[in-house]
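*Asks:* my questions are about this predicted structure, shown below with the sequence.
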Amino acid sequence: MLVDNYRMKSKQRKSEELKSLKDKLPKSKISVFTSFSKAGEKGLSVAQVTELKRLLRFHGSEYFVTKKTIIDLATKGSNYDGLDVYKMDGSVGMVLGGDEPYTVAKKIYEFSRKNPSLHFWGALMDGKFLSKELFLEIAKLPSKEVLIGRLLGMLTYPMRGLAVVLSEIAKSKS
C-alpha cells in the first residue's frame, strides 16, 4: 500500500502540476518534448536525470516530468498546431527553456549525444510546434559567437582581397 501511495499522485498534486505548467509554458521561450524511457529500452538513470536538471538550471531552464494528460490539459486552448502528446511513446518530459532558446536546444542536444536514452519529439517555439527534425536542425546550429565570427569573416574578405591586390600592384610598379 505504501508503494502504491508513493507511485500515485494525489488529485491535489496533479492540479498543482497543471497550474504550474499552465503558468510556465507561456513564459517559456522554448519547450522541448523528450522521452527519457521507452517501453523495452533502458531509460535514463536517476543520476543522468539529475545531471540534466543541473545542466538546464544553469541555463535558466528546467526539466518537467508529468503525465501526458496534464501536458494535454495545459496546452489545450492554446493553438499549438501539430502538438499531440498522446502520439509520443514512453515517458514524456519537457524542457521549459529560459531566455536563450538556441543555447538550451544546443545543450540538451549535446546531453542526448552522451545519453542516447533521451529522445526528442519536437518543441514549442514562438507559439508553434516544431517537428523533431526541425528542432534538431536548430539544436545543431553553430553558436552565436561562431556565426558572428563567420559573418565578420565574410564581410572583411572582400576588403582584405582588395588590399592584397592593391599591395601587389604597388609592388609591381616600384
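*Replies:* Thanks, I have the structure now. Every value quoted in this text rests on a predicted model; they were computed, and no experiment measured them. Numbers count the residues shown, from 1 in each chain.

*Asks:* residue 41 in helix, strand or coil?
*Replies:* coil (DSSP: H, G, I helix; E, B strand; the rest coil).

*Asks:* could you list every residue that touches it?
*Replies:* 90, 117 (Cβ atoms under 8 Å, 6 or more residues apart in numbering). All C-beta spots, glycine's among them, are computed from the backbone N, C-alpha and C.

*Asks:* against residue 67, how distant is it?
*Replies:* 20 Å (Cβ to Cβ, to the nearest Å).

*Asks:* hey, where'd the helices end up in the protein?
*Replies:* With DSSP state H as the criterion, the chain has helices at 2-7, 11-27, 46-58, 68-75, 101-114, 132-139, 144-173.

*Asks:* residue 82: how many residues sit nearby?
*Replies:* Neighbours of residue 82 under the rule other Cβ atoms under 10 Å: 11.

*Asks:* so which of the helices of the chain is nearest residue 88?
*Replies:* For residue 88, the closest of these is helix 68-75, at 7.1 Å, according to Cβ to Cβ.

*Asks:* the closest one relative to helix 11-27, how many degrees between them?
*Replies:* 50 degrees (axes from the mean of the first three to the mean of the last three Cα atoms, to 10 degrees).
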